[in-house]
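*Asks:* Pasting a predicted model and its sequence here:
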Amino acid sequence: MSKYDSTLDLCFSALGDPTRREILQRLARGEASVSELAAPHDMALPSFMSHLKKLEAANLITSKKHGRTRVCELSPGAFTPAKDWLSEQSAIWEGRLDRFDDYIGNLTQERNK
């Protein structure tokens, strides 16, 4: 088993682009059609669709067809993998900083003796 989680890689890669983050912010308010999502962005539709495909590949959004209209929405728990990873990293660094603080405190006490 790889020490890297490819799902997490896809998630952070998708979040690494400002256009995709804007799409996610819009979808946080509710589902939207592709044309509604594309409207504020000055790019050709095929380029915009590549952003949606990357978000879908990362399991951040889902899309479905309603007649001739494709509608997108946030996936349930879309940010859970990134949130969990960031929480783990935060705990690791807080532990390291606490140990460093203890070390400095011990050094200070030894010098003051």
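*Replies:* Structure received.
*Asks:* Which strands and helices lie in contact with the strand or helix carrying E36?
*Replies:* Assessed by DSSP states H and E, E36 sits inside helix 34-38. Helix 34-38 makes packing contacts with helix 18-27, helix 45-57, strand 69-74 when contacts are defined by 3 or more CB pairs under 8 Å, 6 or more residues apart in numbering; DSSP states H and E. For the C-beta atoms, the positions are set from N, CA and C on the backbone; glycine is no exception.
*Asks:* try 10 Å
*Replies:* Here helix 34-38 touches helix 18-27, helix 45-57, strand 61-66, strand 69-74, going by 3 or more CB pairs under 10 Å, 6 or more residues apart in numbering; DSSP states H and E.
*Asks:* avg pLDDT for stretch 66-85?
*Replies:* What stretch 66-85 shows for mean pLDDT is 90.
*Asks:* in that stretch, what's buried?
*Replies:* Using 16 or more other CB atoms under 10 Å as the test for burial, stretch 66-85 gives V71, C72, L74, S75, A78, P81, A82.
*Asks:* How about whichever helix or strand I104 is part of, which residues are buried there?
*Replies:* I104 is part of helix 80-111 when elements are defined by DSSP H and E. Using 16+ other CB under 10 Å as the test for burial, helix 80-111 gives P81, A82.
*Asks:* what's the offset of it from the middle of its chain?
*Replies:* 24 Å (CA atoms, centre = their mean, to the nearest Å).
*Asks:* what's the answer for stretch 105-113, then?
*Replies:* Here stretch 105-113 is found 43 Å from its chain centre; the criterion is CA atoms, centre = their mean.
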